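Participant: sequence first, predicted model second:
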Amino acid sequence: MNISRRTRTALIRATDNWLSRVYLAAVTAATGYFLFDAFFVDHPDASMAAVIPWLLTAPLSLLYTLLPAAGTLSGASTGLFTALYLAGIAFAALANAAFMGHVVHRLRQPFPGTAPSA
């Protein structure tokens, strides 16, 4: 089994059941809300819209807490951090959906040692 076959299998598992599809739709909607809020809504104070996709894709997205703060990387633009945030959310969502799909496929298989019902 080569890497491309494993990747293809993981992506198929991430999208071939209803649980994973609903999860990916929820993450997409939350990310769309974050992007709408970030680009089209004026806030006198900070918005918490970016927290929703971050929490939906936990535990992998919690690795963002290990990254340095935006102020410590001088010269980097806010657009770069937004792109990195979105890439991380997408990766974490696909990984979580693939895990959910794997669990669903394992639960559909009959347990070893049980006879099929007639």
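Facilitator: Arrived safely, thanks for sending. Residues are numbered from 1 along each chain as shown.

Participant: in what helix or strand does L11 lie?
Facilitator: Using DSSP states H and E, L11 maps to helix 3-15.

Participant: show me how far that helix is from its chain's centre.
Facilitator: On the basis of CA atoms, centre = their mean, to the nearest Å, helix 3-15 is displaced by 15 Å from the centre of the chain it belongs to.

Participant: other SSEs contacting that helix?
Facilitator: helix 18-40, helix 78-108 (3 or more CB pairs under 8 Å, 6 or more residues apart in numbering; DSSP states H and E). (C-beta placed from N, C-alpha, C; glycine too.)

Participant: next, the angle helix 18-40 makes with the longest one.
Facilitator: Put plainly, it is helix 78-108. Angle, helix 78-108 to helix 18-40, by axes from the mean of the first three to the mean of the last three CA atoms, to 10 degrees: 170 degrees.

Participant: look up how far R108 lies from A30.
Facilitator: Computed with CB to CB, to the nearest Å, the distance linking A30 and R108 is 28 Å.

Participant: same question for Y85.
Facilitator: Distance check for Y85 against R108: by CB to CB, it reads 35 Å.
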